Every structure is written in structure tokens, then in C-alpha cells.
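# No sequence on hand, only this structure:
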């Protein structure tokens, strides 16, 4: 007898029929002799509708009240899911984040989980054979103010529950059937992966793969929770997200990703004096602009430098304003913001022990006639900033160069 | 400096504009140097939509899950109301029933309030000048299961808070501008009352006046809360619901009411043996049929009796079934169910000390050519069951006979 956490996203709960389907999944897991915890998101569209209501009232809703408002979305889902399970003749009981004592800090809108305090009640309900349904995305602080966990919050709730109750697996039901070697909408020959390591998934998530949010994967890694991403619509096996273990296949590159809608900020002839970089990036941080791939080049003579970095497309205006401020204060500095950039990346823990990955990537891009604007590497990622117009072509070229459609050569668990 | 509880119903919160209007009311009360607690219902339609969602899932939703679901309606309202007050530049903070510790028993769907435990937090927020917004209609039991208070539950929450915090007044904002001597849609000359006694209001509520639910009036009576029913749309003074006090006007009849869609069950030739009435009404009670105006007449010789009683039109089918059962068991018994009946009533605490009210009422009905099927009286009510087709005419006749359009002769507070 095992314990399974199942998480259903908003698209898997969009209407009564889909809620019944999700309920049948949970019931089947229970009839397979498991204890079952179900975590649900708000029904598709409902969060958008709530946000819209708030912005009809004010253009600057308070974060506390926004969380108070948004948390109702998941509360609707838990009640309906419990009703659907009852309708099929099985026991179920629903809980909000507050009711299971999912305690967080007080960072409204992106709170972090601290503890789950009402474990005793859940354990005894599970033992009695009840399916326990929990509202994802939400918790309470120590004063019972409702908090929400931010993007991907329901995944985080599911993984946190799986960790707290030592579940055998945390199943993430979604509208895709697993993690792919690249986005199948861009690369038709992309292959569904049997498994992927947490570190690889973390990198892919930060590179724009939207299947799971990085916080839930980090949590899974820290507590060694087996996460299984699979389709709500089929019984096909999905993708396991697991810790690095010796007996898994030894691929070098697991997947490739393309992140679009980026911009490159280039600051020319920056006075090369101590603290100048920190001065620039303090302003960037104050405006909550997320920065990536910083390059600094000192010019001959050493009196000026060129500094460039990548930002999200949504931050372009804020970045331009910083550029204006800086060039007003430092005459001679040149500011250029180039939009419509993209980043193509390959990810794989195998890179740690293999060489030649970067050159193989560059060669693939050269053959596809894609110009590389910037390169950044980490232990398990190589990324190239390119023009967005070349993005899809570049992703396919890289995917092919590493034969990601072929699957692993040895030790494959398939 | 006073303390005011303001309660806004769903129609007063139906859209952003109306929510802003309600927010301005609360702010004005605060600028008048009051501490302000605002109680809100779910936005108009939203409860119906939630109920509809539940019935899309199952035709027999569990009561616990229904309460879990319905409580989200008021939670949406509190957040939006807080945002609207913030938008106007004032402090406000919202609380669910659970967050203020509004503890109830575990009767899902019609729970009764036991206590409000988080008073300290509310008191200190009020002292800081924050407008405190509370979700009506909901509470939690001792295990933090969400409960709802049933019909008129937000009024009950408002009056309970007014009692707990010893408010100077509990203002009920609604889409009518007060309590009338009769329903103005039926009696154009009906007069808005300056005040009405709790006992009179309780009777009118049970006789179909839908402005306030009887539980909130009972609570107001028990804790001597001054309730002021007034319009959301105007600044006109509404109606005070208060305890009987010597210096108020001495009217005999305060108001008249008409309750439609009733039915009369007539059981003829019932064997007149001990326990027969209890046998009949046990079955009626088991089907949760609400019964009124029971009459039993023993026939000459004493071997049989006729028993008749009034029921709500919605219970006709259930009543017919009981009739069939009974006549199968007791051959000779005759069962007749007459629908399309109504009850016209006059209410006034002055009846306790005055005579001749009943005869004045009967005379008015006679002159209007309305046939009286049955009469029932209590200390402060006289009711006549009549044909529904005569209802409007009867109500107007009675209203005129007691000169309810004229207002009180002496001691009027107007």
C-alpha cells in the first residue's frame, strides 16, 4: 500500500466533465490500494476572472487582498472535486491551505512554505480510506492571513505534501504527456523523455519550458520526491523527475530549449571606475528587472568598458529608463537596447563529464546560418543569445545535432 | 465616537460601481468619527452560479462541501470591498468568518453562531482607524470546517458583530428604503415606517416580508442591537428595528402582510382515537413540511373528526403522498388538498392591549367581498387564509381599514 499525491491543473478541471475525469483518476489510485491526496488548481479561466474583477475595482490592488481574492479559485475546485468523488460513491474531504495548516511566510503573492501543521488529521483521514483534497497555491501565515505561492504554486503544494507525507510519487497531471527533449510545437521530432534529473528540469524551467515551475522542482530535489509529469487525458506513462542515480542512461544532452521575447541591453563607453557595475545593477535590481548573461569588456587603456546583459522583453521600458538616467549622469556613455532576441540552450548533467558539447552546438548553429550574439555556460547548460527570427531554426538545428530525437543509446529505462 | 456595523447585500455589490458606492458609505461613516465594521454578502448572482456549478457535478452535493464552495462568494466580496476602500485612500482589511474566529456549531448550511473569538485583533484594527471588512454568512466549527448560516446569514453575521462589539447601530443596506406598512408593490399607498418593534418584524418576516430574516431579528432582540434598514441608493432615513419602549407611538396595527402560494390540506372523517393527530403530523414532520394553522373539528357523536392545516405550495406533492398513505390505512378518510391559497395578516404589539382588531379585519374583508377560509390569531398577529385570487384586494382592504397609510396619531418620532 502506497501513498500517492496527484495534482490537477486548471485545464484538467475546466468543466464538470473534466472534474469527473480527474475524480476517476483519484478513485482508481485508491482502488489500487493507495492512500491518495489530490491537489487542485483553480478551474481554467477562473483566476483570470478574479484578477479581472480586482482590476475593475482598482489598478493597484493590495497584495494581501489579492491573495484573499485569488485563494477562492482553488477553494471552488476542492469542493467540486470532493463532490465528484462522492458522486462516484467514494469518501473524500476537501481542505483549504489554511485548514491543513499549510503555513507560509507573509510574502503575499509569492509566499514560501514553512510547515504543514495539521498532519495528524490528514493521516487519520487517509487511514480511514478518505481521499484528501487540498487547495493548491495557497497557505496562511502565522496570523491566518491567506497567502498565495505565486506561479506554479499548486505544483509546489503538491510536492510539499508529497514530501511531508513521504509519498511514493507526486503525479502532476497536465495537458502535455510529459517532458520533451524540446518544445514539440517548435520541433516536431522532439521525443518524450522517460525521465529527467531535477537539475536538468530546473534549467529547462528557467529557460522557458513551462511544464513545471522551478520552485516545485527544487523542493522535489531537496526532499527527494519522485515527480511524475503525465497527461490528464491518456494512461500513457509520462516523465519521471528524479535524482541523479548511477543506473540511469548516460546521455550528455537531455533536452534543448528556446526562450523568446528577450532583449539585450548594451552600455558602451562606461567609465571604468570601481563600483560602476554595482551602481548600474543596483538600479536594475531596484526595478525588479531580472538580468542574465552579463558581459563586461574593458577597452584598451582601461578607462572605459562595454557592459551588456540580457533581460525579459517585458522589462524593456524600465531598462530604457535606466539607460536614460545613466547616460544623463555619465556623458559619453552610449545606451542601446536591442529587442526581439532569443536564447537557445542545451541542458544535460552529462556535460559535467564530457567535453566538446559547446563546439558541437556552435557548429550546428553555424551550419544553420544562425549568428551567435552572446554565449553563456554553466555546469550543465550552454546557451547562445541569437536573433529571435532565427529561434525556431536554431532550436531544430541543435536538437538534431545532439540527436535528441533518437533517445539514449544505453541504459534507457524505456 | 461610535461604532457602526454596515451590512451590504448582494444587490448592493453587484458590480464595481456599486462596490465603490458601498465603500464610500463606509468611508463616510468613518470620517464622521466612527469605528466601522462592514459585513458583505456574495455579489449578486455569484451564489447562484456556485450552486449551479455544484449541481453540474452532482445532484446531491454534500453539505460540508457545499459550504466550502459557497463561502468563496463572500470571500470574493470582502477582498474587492477592501480594495475599493484602499482605492479611495483609506485603510481597510478583510476577514473571512474563520479569520475573525466566528465559531458555529457543525450544522452545515444553517449553522448557528456560538462565539466570535478573535475580538482583540478587530478591536485593535478599529482603534488604528482601519475599516474592518467581514465576510457574512460564514463561520467555522471547532475543527475549522467552514460552515454557512443559511438564508439571511449575512444579516445574522452583521447583527452578531454589532452585539459582540456593542455597536451603536447595525445598518442593513438593501435595495428597499425601509420596512413598509405593507408590500408597496401590492399596496401603492403603503407607508415607510420610522420604526418597528422586533416582535412585529419577526412576525412580518415569517409572514413573507423578505427584507430581513427572522434569525437576525431574534439575535438583535436578544442583544438589544439597534438595527437600521435603509437603502443603498439614497441617504433617506430607513426604518429602525428596536425594542418596545414607552415613548414610542402607540399604534395598534403596525403593518399588514400577504403570504401567497399556500395550500390547505383537509382530512375528512378521520377516526377520532387517541394519538391520531400525532400520527398524522409525525409523518408531515418527517418530510420536513412546515405546517401552520391547524384546525380540528370533532363531529357529532365523536367518532370522527375533520383536520385541516396550511402548508407552503412547494410541499403540495409531499402532502398529497401523505394523504394517499393515510387514506389507504384508514378507509373512509377523505383527503383534499386545495392549492392557490394565501394568508393575509395584520401585525402590531398594540393588539396586546386593544380589542376589536379581529372584528375590524373581518369587516374589512367582508366589505371587499373576500371569503375567509380560516382564521388564526396570536398575541400580536391576526391571520386569515383566503383564496390567492383575492389576495391583493384583501391586503389593500385591510391596509385601508387600519389606516396604515396615515401613520401614527401620537408620539410619532417622525
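Good, I have the coordinates. Source: prediction; values computed, not measured.

# From now on I want contacts and neighbour counts done on CA atoms only, so please keep to that.
OK.

# Contacts for the helix or strand harbouring residue A:3 next, please.
Following DSSP states H and E, one finds residue A:3 within strand A:2-8. In this structure, residues lying in contact with strand A:2-8 by Cα atoms under 8 Å, 6 or more residues apart in numbering or on different chains are A:22, A:26, A:29, A:33-41, A:154-155, A:158-159, A:161-162, A:165-174, A:232.

# quick check: angle from the helix or strand just after that strand to strand A:2-8?
As assigned by DSSP H and E, the chain's next helix or strand after strand A:2-8 is helix A:16-31. Helix A:16-31 and strand A:2-8 meet at an angle of 170 degrees, taking axes from the mean of the first three to the mean of the last three Cα atoms, to 10 degrees as the criterion.

# What is helix A:16-31 packed up against?
strand A:2-8, strand A:34-40, helix A:63-87, strand A:131-135, helix B:46-57 (3 or more Cα pairs under 8 Å, 6 or more residues apart in numbering or on different chains; DSSP states H and E).

# Check which residues of that helix are buried.
A:16, A:18, A:19, A:20, A:21, A:22, A:23, A:25, A:26, A:27, A:29, A:30 (16 or more other Cα atoms under 10 Å in any protein chain shown).

# now those as JSON lines including distance to residue A:51?
Below are the buried residues of helix A:16-31 laid out as JSON lines (distance: Cα to Cα, whole Å):
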{"residue": "A:16", "distance to residue A:51": "23"}
{"residue": "A:18", "distance to residue A:51": "23"}
{"residue": "A:19", "distance to residue A:51": "23"}
{"residue": "A:20", "distance to residue A:51": "26"}
{"residue": "A:21", "distance to residue A:51": "27"}
{"residue": "A:22", "distance to residue A:51": "26"}
{"residue": "A:23", "distance to residue A:51": "27"}
{"residue": "A:25", "distance to residue A:51": "30"}
{"residue": "A:26", "distance to residue A:51": "30"}
{"residue": "A:27", "distance to residue A:51": "33"}
{"residue": "A:29", "distance to residue A:51": "34"}
{"residue": "A:30", "distance to residue A:51": "35"}
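
# related to what we said a few turns ago, Produce a ChimeraX select command limited to the buried residues of the contacts of strand A:2-8.
Buried subset of the contacts of strand A:2-8, written as a ChimeraX selection, criterion 16+ other Cα under 10 Å:
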select /A:22,26,29,34,35,36,37,38,39,40,41,154,155,158,159,161,162,165,166,167,168,169,170,171,172,173,174,232
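
# Surely residue A:115 is in a helix?
No. With DSSP: H, G, I helix; E, B strand; the rest coil as the criterion, residue A:115 is located in strand rather than a helix.

# can you count the residues close to it?
With neighbours defined by other Cα atoms under 10 Å in any protein chain shown, the count for residue A:115 comes to 16.

# My understanding was that residue A:228 contacts residue A:241; is that so?
Yes. Residue A:228 lies in contact with residue A:241 (Cα atoms under 8 Å); the separation is 6.2 Å.

# out of those two, which sits in the busier spot?
Between residue A:228 and residue A:241, counting by other Cα under 10 Å, residue A:241 is the more crowded of the two (26 against 22).

# Can you tell me what sits against the helix or strand encompassing that one?
For residue A:241, the enclosing helix or strand under DSSP H and E is strand A:239-242. Outside of strand A:239-242, the residues that reach it under the criterion Cα under 8 Å, 6+ apart are A:177-179, A:192-198, A:201, A:221, A:224-230.

# can you check stretch A:151-158 too?
With Cα under 8 Å, 6+ apart, stretch A:151-158 has contacts from A:5-7, A:9, A:38-41, A:110, A:135-138, A:149, A:170, A:172, A:212-213, A:215-217, A:219.

# can you pull the contacts of residue A:255?
Per Cα under 8 Å, 6+ apart, neighbours of residue A:255: A:180, A:181, A:182, A:204, A:346, A:347, A:348, A:399, A:404.

# partners of it in the sheet?
residue A:347 (DSSP bridges).

# pLDDT wise, what is it at?
Residue A:255 is assigned a pLDDT of 93 by the prediction.

# next one: residue A:248
Taking residue A:248 on its own, its pLDDT is 56.

# ok, residue A:312 to chain B distance?
30 Å (Cα to the nearest Cα, to the nearest Å).

# Now do the phi/psi pair for that residue.
Main-chain torsions, residue A:312, degrees, to the nearest 10: phi -70, psi 150.

# Break chain A into its domains for me.
A:2-242, A:263-340, A:342-401 (automatic domain parsing).

# what's the least confident stretch among those?
When I compare those, domain A:263-340 is least confident, with a mean of 87.

# quick one: contacts for the closest residue to residue A:291 other than its chain neighbours?
Once flanking residues are discounted, residue A:291 sits nearest to residue A:311: 5.1 Å by Cα to Cα, 6 or more residues apart in numbering or on different chains. If you count contacts by Cα under 8 Å, 6+ apart, residue A:311 has them with A:262, A:263, A:264, A:265, A:289, A:290, A:291, A:292.
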